[in-house]
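Visitor: Predicted model follows, preceded by the sequence.
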Amino acid sequence: MTIHNLYIFDRHGNLLFYHEWVRRKHTSMSKEEEAKLLYGMIFSLKSFVNRLSPTVSKEGFLSYKTSAYRLNFFETVSKLKLILNTDTETSQSEIRELLSGIYRDIYVEYAVKSPMVVPGEVITSNLFRTKLVQYVQSSHIYKAN
Amino acid sequence: MGYNIGIRLIEDFLARSGVGRCSDFRETAEVISKVGFKMFLGVSPTVAKWSPDSKEFSLLIDENPLAEFVELPDNVRGDLFYSNILCGVIRGALEMVQMQVETSFVTCSLKGDERTEIRVRLMKFLDEEVPVEDD
């Protein structure tokens, strides 16, 4: 599976973290604008999806797929949002496991527990970035290219 | 101090316990005592004294691990709630999951009461923020 990029947003919509692995096309806007656009879209999608849902369910919006990529969405009970863009092939349950693993083993360990990381601000910690990249690249679904 | 601990602790708690969203305040109370306290302090307080509208409850702790080897000096014995940090933790953690609560100490074993009691009152549920449009 090719992983393209990862965004982490907090409960207020602030972009806490962004990392890119393989991205061949960029948008013409600044990173902040792109993040705001993405957050707004996800927020609207979630609300839309819940309203039109034919059955009562806890989860709601999980991902969308285009011919070029799949956007995977993971939200915790504390409203932290992880958005991962991948290729279209990998199984969704594996991606969800990867995302929940990123939350549990990387975010909680190296961001929440770090005194240098201020809630609501961009995570600048190099350790966090290194550990995240290591974790993703050692996952059995990651394909280097 | 407890509040700052609480806002971070909730992420650790959610990641390790994997519990989903609670359906109502009663379930929240049970999860706090049976899962949360157990995970971090190793004790499981009793949930009791619910108010008739189910918005307030008490946590009764028989053995408070924070106070296990502590004796309060005489000059503060009347005033100091030694484990008030626990109130802050509960308040901070619940705020991160969209509940605004008020917490207070009712009795404290360090002051000579037989057990420690914390009262938690739900003020309101916090709604999800709508992102601001600015173009």
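Guide: Nice, I can see it. None of these values were measured; they are calculated from a predicted model.

Visitor: Quick check, central residue of chain A?
Guide: With distances taken as Cα atoms, centre = their mean, the residue of chain A nearest its centroid is residue A:83 (2.2 Å).

Visitor: Quick check: pLDDT value at that one.
Guide: pLDDT recorded at residue A:83 is 92.

Visitor: likewise the one 3 residues further on?
Guide: As summarised for this prediction, residue A:86 has a pLDDT of 89.

Visitor: ok, and the closest non-adjacent residue to residue A:117?
Guide: Spatial nearest neighbour of residue A:117, excluding adjacent residues (Cβ to Cβ, 6 or more residues apart in numbering or on different chains): residue A:111 at 4.8 Å. Heads up, the C-betas are built off the backbone N, CA and C, glycines and all.

Visitor: residues making contact with the lengthiest helix in chain B?
Guide: Using DSSP state H to define each element, chain B has its longest helix at helix B:2-17. Here helix B:2-17 makes contact (Cβ atoms under 8 Å, 6 or more residues apart in numbering or on different chains) with A:76-78, A:80, A:103-104, A:107-108, A:112-113, A:119, B:35-36, B:39-40, B:84-97.

Visitor: 7 Å - rerun?
Guide: With contacts defined as Cβ atoms under 7 Å, 6 or more residues apart in numbering or on different chains, helix B:2-17 is touched by A:76-78, A:103-104, A:108, A:112, A:119, B:35-36, B:39, B:84-93, B:96-97.

Visitor: Produce a ChimeraX select command limited to the buried residues of these.
Guide: What follows is the ChimeraX syntax selecting those of the contacts of helix B:2-17 that are buried according to 16 or more other Cβ atoms under 10 Å in any protein chain shown:
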select /A:76,77,78,103,104,108,112,119 /B:35,36,84,86,87,88,89,90,91,92,93,96,97
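
Visitor: that older thread, if we look at the helix or strand where the residue nearest to the centre of chain A lies, which residues are touching it?
Guide: According to DSSP states H and E, residue A:83 maps onto strand A:81-86. If you take Cβ under 7 Å, 6+ apart as the criterion, strand A:81-86 is touched by A:1-9, A:38, A:42, A:69-75, A:95, A:99, A:102-103.

Visitor: coming back round to it: for the residue nearest to residue A:117, phi and psi?
Guide: Torsion angles at residue A:111 (phi, psi; degrees, to the nearest 10) stand at phi -110, psi -50.

Visitor: For chain B, what's the nearest residue on chain A?
Guide: Residue nearest to chain B within chain A: residue A:104 (3.9 Å; Cβ to the nearest Cβ).

Visitor: Quick check, pLDDT for that residue.
Guide: Confidence score, pLDDT, at residue A:104: 86.

Visitor: roughly how far apart are it and residue B:86?
Guide: Distance, residue A:104 to residue B:86, using Cβ to Cβ, to the nearest Å: 25 Å.

Visitor: Quick check, residue A:65 in contact with residue A:88.
Guide: Yes: taking Cβ atoms under 7 Å as the definition, residue A:65 is a contact partner of residue A:88 at 5.8 Å.

Visitor: What ranges in the chain fall below the confidence cut-off?
Guide: In the absence of a named chain, this looks at chain A. Chain A contains residues with pLDDT under 70 at A:144-145.

Visitor: my question was about chain B
Guide: Using pLDDT under 70, chain B drops low at B:76-82, B:128-129, B:131-135.

Visitor: now the strands: where do they sit in it?
Guide: B:46-48, B:56-61, B:99-107, B:116-125 (DSSP state E).

Visitor: In terms of helices and strands, where is residue A:16?
Guide: Going by DSSP H and E, residue A:16 is in strand A:15-20.

Visitor: how about that strand: buried residues?
Guide: A:15-18.

Visitor: Show me what that strand is packed against.
Guide: When contacts are defined as 3 or more Cβ pairs under 7 Å, 6 or more residues apart in numbering or on different chains; DSSP states H and E, strand A:15-20 packs onto strand A:3-9, helix A:126-137.

Visitor: 8 Å instead, please
Guide: Counting by 3 or more Cβ pairs under 8 Å, 6 or more residues apart in numbering or on different chains; DSSP states H and E, the packing neighbours recorded for strand A:15-20 are strand A:3-9, helix A:31-52, helix A:126-137.
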